[in-house]
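K.L.:
For reference, the sequence and a predicted model appear below.
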Amino acid sequence: MNRRAAAVAVAALAIVAAALLPASPVFAHTSFVSSDPIDGSVLAHAPAVATLQFDEEVLLDASSAELLLLGVDRVEQLDLSQGDRGGTVVIAMPDLPPGQYIIRYLVIDPADLHRTVGSISFGVGVAAPPSTTGEQVGGSLVAAALRTLTDGALLLGGGTVLLLLLHRDGDAADRRKRRLEQWLPACAIAVVAGWIGLLLLDAADVGWGNVGWTRLLTDSDPGRRVLIGAQLAAGTWWAVALHRKAATRSTQMTTGKLLATLWLGFLVVASLGGHSTVGGTEIVGVGLRALHLAALSAWLGAMAMTWWVQRASVADGEQSWWPTTSRAAAWGLAATGASGLVLSGRTISTVTAALSSEYGRLVVGKLALLGVLAVLGLLSARRIGRGAGSPGWPVRLELGGALVALILVGLLTGMAPARGERFNPLVVPDPQVTTADLHDLTVSVTVQPARPGPNLLQLRVLDTRRPAPGTIESVHVEVTDSTGRSVASLNGAPTDGVIEWASLMLPAPGRYEVTATVNRPALPVPPFEAEWSAQAAPVPRVDTIVSARVLGPLVSIAAVAWLILVAAAAVLIRRRNAHG
């Protein structure tokens, strides 16, 4: 097995291993988990405090909640405090008379300042009003455009460093190198400026008065990105100055490695936060994203910078850089597709999520665009291998498509990943059954699905005495909520010991009590009493569940196939060019 085949095999094994690592529950977008009181509850007395539970820590200073008092057209701002865990928000409630109430919340996660909005409702002595499911708010188009420009500068800088490493043995007076050395500090400054702009946009969305700047810079990923990025930019400027003065091959190699290390730092810092922790452990997520950005730099960044510096140099008789860049870009293309597929398997939970969400459809579109760019890249490689001075029109289309891909990435970064219960089939809970003996009768009550809305209530009466002391003429069932208010009053006569009512409507989650009075004149029995709990309504599902199959293993297989396909295509093109 040659070195290239071994590299493909190692990369394929790494992809499979990353996909099989255990998932972590940490997300970059704070998601609502539960509340006390339960959303939609009917309470006998108003609560003194309300508790909201989220799956991640909440940046409390920038979060808010307000109480809507329905019927009196009034809104009150509520005071928040942190619970025992970072994801717990405790809300102090005012004294409330009977009525309908809605708590609207806006919480900010400290990782990337993403916003989650939603509401819970409850009623005091009356039915609860409708509420709104919690959802993440996407970033603005301005933020998406700024992310696109920042990512573009990041990739161009990575491509510049790679070209300086690949051509360190060339003429020290090569004008192309001088252009690259001028361009690299500008890329570093552009990246840091973009990160500062994104931080300011996030702070503006949160509200300038709600942001603690010290904590924002030290505790949030956008803030740390700015602080570390500024130091990396200063180091890049210093390292470029050293590279310009390098007169020997060894010193050029040393300064080139220093530049590569600094830019690797840029790639790792850019990989922090965002969606790096979604669907798996953080260290793997950061590693995969850094690999993805490095591969894009080797492919598109190097291609773009080679196209830029070659425009006026080849005519002067200088040796073309395209053959060397083409070989590096082939490996970058292979790693880009493989790492991108694995990352999509982390941020998109199922096949349904990929097809039924805006996020999933954008990822599918990006992967389709990657396939088109791969074809253009292979065409460019074939033209270069045949001795063409430049790849011509294919590379122009390739770079244009890369700009579209960067725009898609900018939009995706500000959106919530396609994960969660709404993409999974609805699981019907097991029925709640309560059984008791009433003298010679065994009575059981079954409620299904025990959720707000229509429910099936089934009552079974088994006479254990033989012969039976008398006929059961009728059964009266009374259902009451936790406040003692009657929810349903049902009457019927058992047939073969069974009565069913499909008309039981439960208005809200919470505790319910059922009382069944059996009318048997020959031998009266005491009433049957039982309690059960109605759970909160399930998360709304998407309209069509195409497949609940987990996407991760599927895209991991596709990533391995992609590596093999690109490697085979590169080998085939090289052989044809060698014999052509």
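P.N.:
The structure has been received and is ready for your questions.
K.L.:
Might one say that Pro98 is in contact with Gly125?
P.N.:
Yes - the pair formed by Pro98 and Gly125 meets the contact definition of C-beta atoms under 8 Å, at 3.8 Å. (C-beta placed from N, C-alpha, C; glycine too.)
K.L.:
Show the average pLDDT along stretch 540-549.
P.N.:
Predicted confidence along stretch 540-549 averages 81 (mean pLDDT).
K.L.:
I meant to write stretch 101-120 there.
P.N.:
Averaging the model's pLDDT scores along stretch 101-120 yields 82.
K.L.:
and if you look at stretch 348-363?
P.N.:
What stretch 348-363 shows for mean pLDDT is 90.
K.L.:
One more: stretch 562-572?
P.N.:
In this model, stretch 562-572 has an average pLDDT of 85.
K.L.:
What of stretch 470-480?
P.N.:
This predicted structure assigns stretch 470-480 an average pLDDT of 90.
K.L.:
Give the buried residues for it.
P.N.:
Of the residues in stretch 470-480, those scored as buried under the neighbour-count criterion (16 or more other C-beta atoms under 10 Å) are Ile472, Val475, Val477, Glu478, Val479, Thr480.
K.L.:
ok, these vs Ala48, which is closest?
P.N.:
Using C-beta to C-beta, Thr480 comes nearest to Ala48 of these, at 24.5 Å.
K.L.:
on contacts alone, who are the packing partners of the helix or strand harbouring that closest one?
P.N.:
Under the criterion of DSSP states H and E, Thr480 resides in strand 474-481. Counting contacts by 3 or more C-beta pairs under 8 Å, 6 or more residues apart in numbering; DSSP states H and E, strand 474-481 packs against strand 453-463, strand 486-492, strand 498-506, strand 510-519.
K.L.:
same thing but 7 Å
P.N.:
strand 486-492, strand 510-519 (3 or more C-beta pairs under 7 Å, 6 or more residues apart in numbering; DSSP states H and E).
K.L.:
Out of the buried residues of stretch 470-480, flag the one nearest to Arg419.
P.N.:
Proximity to Arg419 was ranked across the buried residues of stretch 470-480 by C-beta to C-beta; first place goes to Val479, at 37.3 Å.
K.L.:
Hmm, the closest one is touching Ser503, no?
P.N.:
No - in this structure Val479 lies outside contact range of Ser503 using C-beta atoms under 7 Å: 11.1 Å.
K.L.:
Tell me the spacing between Ser356 and Ile545.
P.N.:
The spacing between Ser356 and Ile545, counted by C-beta to C-beta, to the nearest Å, is 8 Å.
K.L.:
Between the two, tell me which one has more neighbours.
P.N.:
Taking other C-beta atoms under 10 Å, Ser356 and Ile545 do not tie; Ser356 has more neighbours (19 against 16).
K.L.:
quick one, phi psi at Leu242?
P.N.:
Leu242 has phi and psi values of phi -70, psi -40 when expressed as degrees, to the nearest 10.
K.L.:
What residue, apart from its backbone neighbours, is nearest it spatially?
P.N.:
Thr255 (4.8 Å; C-beta to C-beta, 6 or more residues apart in numbering).
K.L.:
got it, and Gly157?
P.N.:
Nearest residue to Gly157, sequence neighbours excluded (C-beta to C-beta, 6+ apart): Cys187, at 3.4 Å.
K.L.:
Please apply the same query to His476.
P.N.:
Ranked by C-beta to C-beta, 6+ apart and with sequence neighbours excluded, the top spatial neighbour of His476 is Thr517, at 4.6 Å.
K.L.:
From the structure, what's the count of residues near the one you found?
P.N.:
With neighbours defined by other C-beta under 10 Å, the count for Thr517 comes to 15.
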